[in-house]
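Peer 1: For reference, the sequence and a predicted model appear below.
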Amino acid sequence: MTDAPVSRIRNFCIIAHIDHGKSTLADRLLQETGTVAARDMQAQFLDNMELERERGITIKLQAARMEYTAADGDNYILNLIDTPGHVDFSYEVSRSLQACEGALLVVDASQGVEAQTLANVYLALENDLEIIPVLNKIDLPGADPERIGREIEEIIGLDISNAIHCSAKTGMGVPQILQSIVDRVPAPADRVEEPLRALIFDSYYDPYRGVIVYFRVISGRLAKKDKVLLMASKKTYELDEVGIMAPDQRQVQELHAGEVGYFSASIKAVADARVGDTITLAANPASEPLPGYTEAKPMVFCGLFPTDADQYPDLREALDKLKLSDAALKFEPETSSAMGFGFRCGFLGLLHMEIVQERLEREYDLDLIVTAPSVIYQVNMIDGSIMMVDNPATLPEPQARASIAEPYVKLEIYAPNSYNGALMELCQERRGAFIDMKYITTDRVALHYEMPLAEVVTDFFDQMKSRTKGYASMEYSLIGYRENFLVRLDVLINGEKADPLTTIIHRDKAYNVGKALVEKLKELIPRQQFKIPLQASIGSRIVASESISAIRKDVLAKCYGGDISRKKKLLQKQAKGKKRMKAMGKVDVPQEAFMAVLKLNQ
Ligand SMILES: Nc1nc2c(ncn2[C@@H]2O[C@H](COP(=O)(O)OP(=O)(O)OP(=O)(O)O)[C@@H](O)[C@H]2O)c(=O)[nH]1
């Protein structure tokens, strides 16, 4: 059934907190509708990136088209649009919600509502989606669907009288979910006769066909060989292929309003077909693009340097290749006297940064030194100009600047109330300003803070998890720039300034951080054959100093007796340990030292 009437199409997504069972349920829906035969089922169809599967998180969103015969005997087309489950990708989430008329809100009936769920529910409500509550994992002995249902009612204000109880694991409740998608999710508006407007909600790079664009047609139609205009990038392309995801890509002649599909058009990089852009016909363009397009902006920056200077050209090539498939990744060459040639890279958030770093090391076999993440500071100069600084080492000297402003976020944390004290202490340490606290049930609270982004990106999430035994969840969004008394803290190793260890921090913290930092570096930097002084300074003032005493590190010392193979092993081990070190002047500095500043707050 390729040419479905608009009235028999349903477009929906699944909103869920990480691990509440979104992928498992999606697989069940594909199976139940016969879209994928049980024997072809790889574990979790929708998450198909290797890295993604290993980490058990959804990074890229995709879509699947299912055919379903409803209780009325008619055939319906159900398009499931997947959403990524992490704050770093919230813009993508908002675009995929815009492509749907309804959402399944999946909540683990043994856990309850979490921050991420809530943020996405509000987004869905803003987009006027019909929300169907699904209480999952009711097969678990700890499941308490009545209590969790009440929670959803109280916190979100959703009517849960017709919530569906389900187990994505056993398949219970899955047929009811399919029927209620048909019954409750509205059909798309019938705007087939209007000019073409289609929303890009995802894209990926295919080395043979160029960029594959996933889109939802809002109005009009589009067919193979059409010449399309992408309204934000202002580029035109002729479509080589138009098709549906069933769930493998299958070519069709034409797609019309209400439908979800893909096209290829020999587009060279995903940055040329960005998520949120509007597709229209070049010959008969729509008068206005669809609302809500913004370009994803990097928020977190770090330096990437090859441990071996010879790998610099390889690193450039790898970044160029990754960029083809990652529109949000930004990079530019950076040189530092201490580190040699490398790149300053910008990411959506810390998870995005880790993913890129891991892909570079795994897929391109590079050995990298990654410097501590930084945010973008807005520096108001004495001469009235404004300078944006993403690299602490390039912060102008104090006499040239009038003030520094840093990005702030609104932070929401959900946790059992027994952790209130621990969480408030953590937020206090991180310069958070308390806004309010609400009881969402008798034993769960929502804490609301405003906090500098720099404090959130430095290990906040891990700290929050460890201080609440994993029970807290969080969500943040940028609220703008605020001036603070910030200073640049430099580190000198062996008398030389180590640029990659430079940080920008609040003056009140500078002394303690400087002291803790040199102490930590003393632990992390291996002793060498000469004494190494370590200092932390603000401008010309030294705020802390330590030194590493000299030693000749002889790995063979432990190994008397003449077993040559044992000796070889130890030497090999030492050589391997050395790999992730960077020589700064005469001193070898290991990777951990660059991240030391992240771990100081513990
Ligand atoms: N007992 C039980 N386990 C379930 C059920 N649904 C999912 N699980 C398990 O819960 C875990 C998380 O499920 P996923 O489907 O990967 O969760 P997800 O929400 O897709 O997680 P992300 O992809 O990280 O967003 C897996 O170990 C599943 O096997 C269920 O109904 N009952």
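Peer 2: Received the coordinates, thanks.
Peer 1: Now for Glu546: which residues touch it?
Peer 2: Taking C-beta atoms under 8 Å, 6 or more residues apart in numbering, we find Glu546 in contact with Val518, Glu519, Leu521, Lys522, Pro533, Leu534, Gln535. C-beta here means a position set from N, CA and C on the backbone, and glycine is covered the same way.
Peer 1: In the sheet, which residues pair with it? Tell me.
Peer 2: According to DSSP bridges, the residues that bridge with Glu546 are Leu534.
Peer 1: What about the ligand: which of the contacts of Glu546 touch it?
Peer 2: With C-beta under 6 Å from any ligand atom as the criterion, the contacts of Glu546 include none near the ligand.
Peer 1: Which pair of those spans the longest distance?
Peer 2: Distance extremes for these: the farthest pair is Glu519 and Pro533 at 13.6 Å, using C-beta to C-beta.
Peer 1: So for the two, which sits in the more crowded spot?
Peer 2: Set side by side, Glu519 and Pro533 give different neighbour counts by other C-beta atoms under 10 Å, the larger being at Glu519 (16 against 13).
Peer 1: separation between the residue nearest to that one when sequence neighbours are not counted and Ile493?
Peer 2: With sequence-adjacent residues excluded and distances taken as C-beta to C-beta, 6 or more residues apart in numbering, Glu519 is closest to Glu546, at 6.2 Å. Here Glu546 is placed at a distance of 11 Å from Ile493 (C-beta to C-beta, to the nearest Å).
Peer 1: Show me whatever sits in contact with both of these two.
Peer 2: The overlap between the contact sets of Glu546 and Ile493 (C-beta under 8 Å, 6+ apart) consists of Leu521, Pro533, Leu534.
Peer 1: What is the nearest of those residues to the ligand?
Peer 2: Within the set of those, Leu521 lies nearest the ligand; the separation is 35.8 Å, counting by C-beta to the nearest ligand atom.
Peer 1: I'd say that closest one and Met595 touch.
Peer 2: No - in this structure, Leu521 sits apart from Met595 without contact. The criterion is C-beta atoms under 8 Å, and the distance is 11.3 Å.
Peer 1: More neighbours: the two, which one.
Peer 2: Neighbour tally, Leu521 and Met595, criterion other C-beta under 10 Å: the higher count belongs to Leu521, 23 against 19.
Peer 1: which residues does that one contact?
Peer 2: Residues in contact with Leu521, defined by C-beta under 8 Å, 6+ apart, are Val491, Ile493, Leu501, Leu534, Glu546, Ala593, Ala596.
Peer 1: among the residues you listed, who's most crowded?
Peer 2: For the contacts of Leu521, neighbours were counted using other C-beta under 10 Å, and Ala593 has the most, 27 neighbours in all.
Peer 1: what about Ser549, how many neighbours?
Peer 2: Ser549 is flanked by 10 other residues according to other C-beta under 10 Å.
Peer 1: Does anything pack onto the one helix or strand Ile479 maps to? Which helices or strands?
Peer 2: Using DSSP states H and E, Ile479 falls within strand 473-484. When contacts are defined as 3 or more C-beta pairs under 8 Å, 6 or more residues apart in numbering; DSSP states H and E, strand 473-484 packs onto helix 115-126, strand 401-416, strand 444-452, helix 453-457.
Peer 1: Just want the angle from it to strand 444-452.
Peer 2: Calculated by axes from the mean of the first three to the mean of the last three C-alpha atoms, to 10 degrees, strand 473-484 forms an angle of 30 degrees with strand 444-452.
Peer 1: and the helix or strand following strand 473-484, average pLDDT?
Peer 2: On the C-terminal side of strand 473-484, the nearest following helix or strand under DSSP H and E is strand 486-493. Throughout strand 486-493, pLDDT has a mean value of 92.
Peer 1: So what touches strand 486-493?
Peer 2: In contact with strand 486-493 (C-beta under 8 Å, 6+ apart) are residues 377, 392, 395, 398, 404, 406, 497-498, 501-507, 510, 513-514, 517-518, 521, 525, 532-539, 543, 584-585, 587, 589.
Peer 1: ok, of those residues, which come out buried?
Peer 2: Judged by neighbour count, with 16 or more other C-beta atoms under 10 Å as the criterion, the buried members of the contacts of strand 486-493 are 377, 392, 395, 404, 406, 497-498, 501-506, 510, 513-514, 517-518, 521, 525, 532, 534-538, 543, 584, 587, 589.
Peer 1: for stretch 4-22, the distance to its chain's centre please.
Peer 2: A distance of 21 Å separates the C-alpha centroid of stretch 4-22 from that of its chain, computed with C-alpha atoms, centre = their mean, to the nearest Å.
Peer 1: Now do the domain split for the protein, please.
Peer 2: 6-184, 197-281, 300-371, 377-484, 488-599 (the TED database).
Peer 1: now these in CSV, with distance to Ser287?
Peer 2: Compiled in CSV, the domains of the chain are given as follows (distance: least, C-beta to C-beta, whole Å):
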stretch, distance to Ser287
domain 6-184, 19
domain 197-281, 9
domain 300-371, 26
domain 377-484, 31
domain 488-599, 46
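Peer 1: Tell me which of these lies nearest to Arg191.
Peer 2: When the domains of the chain are ranked by distance to Arg191, counting by C-beta to C-beta, first place goes to domain 197-281 at 3.7 Å.
Peer 1: and the closest one, average pLDDT?
Peer 2: 93.
Peer 1: Please apply the same query to stretch 363-382.
Peer 2: Per-residue pLDDT values over stretch 363-382 give a mean of 91.
Peer 1: ok, now stretch 399-406?
Peer 2: Averaging the model's pLDDT scores along stretch 399-406 yields 94.
Peer 1: now swap in stretch 452-459 and tell me
Peer 2: Mean pLDDT, taken over the full extent of stretch 452-459, equals 89.
Peer 1: List phi and psi for Asp144.
Peer 2: phi -140, psi 70 (degrees, to the nearest 10).
Peer 1: got a list of what it touches?
Peer 2: Counting by C-beta under 8 Å, 6+ apart, Asp144 touches Ala109, Ser110.
Peer 1: mind running it again at 10 Å?
Peer 2: For Asp144, the contact set (C-beta atoms under 10 Å, 6 or more residues apart in numbering) comprises Ala109, Ser110, Gln111, Gly112, Leu135, Ile138, Arg150, Glu151.
Peer 1: on that earlier part again, does the strand holding Ile479 come close to the ligand?
Peer 2: No - using C-beta under 6 Å from any ligand atom, no contact is recorded between strand 473-484 and the ligand, whose separation bottoms out at 12.4 Å.
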